[in-house]
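Asks: generate a structure from the sequence data that follows.
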Amino acid sequence: MFNTVLLTIDLTDKDSWVKALPQAIELVSSSGGVLHIISVVPDMGSPLVEGFFPENFEEKAVAEASKALDKLVRAEIPNDVKVKQHLAFGKIHRKVLKTIEKINCDLVVMASHKPDRLREFLVGSNADRIVSRSPVSVLVVRA
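Replies: The predicted model follows:
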């Protein structure tokens with residue numbers, strides 16, 4: 001069974017967890033495992049773009065994300081489910097892959113929108129990057 005499940009969520013997009021969260025809860029509940037939830041505040045991508053944001057943008061963004069993650073966990077996770085929260089700042093797929101290794105998880109659960117060829121060509125998909133590079137199985141739930 002799956003004793004350590006990592007659920008990736010985007011705190012700004014309910015679709016990223018509304019279908020995937022129940023799946024992850026069911027998996028850890030049936031095995032008595034631990035649900036790890038990660039949300040990544042994306043970085044700006046380049047120093048040029050970073051220059052347009054306030055100096056303490058990262059701190060504020062992470063603090064707000066932390067509050068939002070706490071609120072989501074309190075509201076959506078049953079009390080009998082063991083849960084650990086992870087919050088990161090940076091490239092989404094890189095932070096998720098590092099967390100997979102760090103917590104030694106058995107399975108990653110994540111939502112993904114219906115493929116959009118133009119978007120994938122221009123910016124790629126974090127789900128694709130995680131699925132192709134993950135050392136463990138990934139359950140992709142269609143949002």
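
Asks: helices or strands up against the host helix or strand of residue 26?
Replies: Per DSSP states H and E: residue 26 is located in helix 20-31. On a contact count with 3 or more Cβ pairs under 8 Å, 6 or more residues apart in numbering; DSSP states H and E, helix 20-31 meets strand 4-9, strand 34-42, strand 107-112, strand 137-142. No exception for glycine: its C-beta is placed from N, CA and C like everyone else's.

Asks: in the last one, what's buried?
Replies: Applying a neighbour-count criterion of 16 or more other Cβ atoms under 10 Å, one finds 138, 139, 141 buried in strand 137-142.

Asks: the helix or strand hosting residue 65 packs against which elements?
Replies: Taking DSSP H and E as the definition, residue 65 sits inside helix 57-76. If contacts are counted by 3+ Cβ pairs under 8 Å, 6+ apart, helix 57-76 sits against strand 34-42, strand 82-90.

Asks: what's the most buried one of these?
Replies: For the helices and strands packed on helix 57-76, average neighbour numbers computed from mean count of other Cβ atoms under 10 Å are highest in strand 34-42, which has a mean of 22.
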